[in-house]
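J.: give me a model of this one.
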Amino acid sequence: MTRRFQPDPGQASETNDLVCVGAVAGAFGVQGEVRLKSFCAVPEDIETYAPLTTDDDGRSFAVSHLRAIKSGFAARLGGITTKEQADALRGLRLYAPRDRLPSLPDDEYYHADLIGLEVLDTGGARLGRVKSVLNHGAGDLLEVEIPGGSTTVLLPFTRTAVPTVDLDSRRVIADPPDGLF
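T.: Numbers count the residues shown, from 1 in each chain. Prediction:
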């Protein structure tokens, strides 16, 4: 199973119409450029989904002059012309309308679509709910919040451990390794 976008862990505030495709990491230089972190499978594609919006106040930004730098991209956001304005955007999440994003094959999912799904075992017993999707370099993990507490379990997001993802029913069927739950 693969994915196209990697929102930050815990980023469950996605709506059906917007998907988080990046975040501002701060200013880059003194001319109003920002340091931009892309969550796209092809990081440079973030520019093609512009204008990007915020989910809180509905601001919209054109993205231009995108160029690779260490840990992301330097870019110009429409209307941002000073270092102070760019610094004020640090931590701002940027969203693209879902209809601007590419269609995915059957075995690929946007992380935003997985967050919040109910997790059942192959016998139908409830294991929990997907809190976030993580990737620390060795493959995707579903962070599953256990019912009745704040405990979470990291479930490998592989075809073996998660044989079924049913977005229409808002659930995944898991066959977790012994002792995980």
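J.: list the buried ones in the top helix by length along the chain?
T.: Secondary structure of the chain read by DSSP state H shows that its longest helix is helix 83-88. Neighbour counts over helix 83-88 (16 or more other CB atoms under 10 Å) mark 83, 86 as buried. Just so you know, the C-beta spots here come from the backbone N, C-alpha and C atoms, and that holds for glycine as well.
J.: now swap in stretch 28-36 and tell me
T.: 28, 32-36.
J.: end-to-end on that stretch?
T.: Stretch 28-36 has an end-to-end distance of 9 Å (criterion: CA to CA, to the nearest Å).
J.: contact partners of that stretch?
T.: Here stretch 28-36 makes contact (CB atoms under 8 Å, 6 or more residues apart in numbering) with 22-27, 46, 63, 65-66, 69, 71-77, 80-83, 85-86, 89, 94.
J.: identify the farthest-apart pair in the buried residues of stretch 28-36.
T.: Of all pairs drawn from those, the greatest distance, 12.8 Å, lies between Gly32 and Leu36 (CB to CB).
J.: hmm, back to that, elements contacting the longest helix of the chain?
T.: Contact here means 3 or more CB pairs under 8 Å, 6 or more residues apart in numbering; DSSP states H and E; on that basis helix 83-88 packs against strand 18-28.
J.: what's opposite Val144 in the beta bridge?
T.: When assigned by DSSP bridges, Val144 has beta-bridge partners Val130, Val153.
J.: what distance do you get for Val19 to Ala50?
T.: Using CB to CB, to the nearest Å, we find Val19 at a distance of 14 Å from Ala50.
J.: sorry, back to before: just checking, next helix/strand downstream of the longest helix of the chain?
T.: Under the assignment DSSP states H and E, the closest C-terminal helix or strand after helix 83-88 is strand 93-97.
J.: and that next one, how far out from the chain's middle?
T.: 10 Å (CA atoms, centre = their mean, to the nearest Å).
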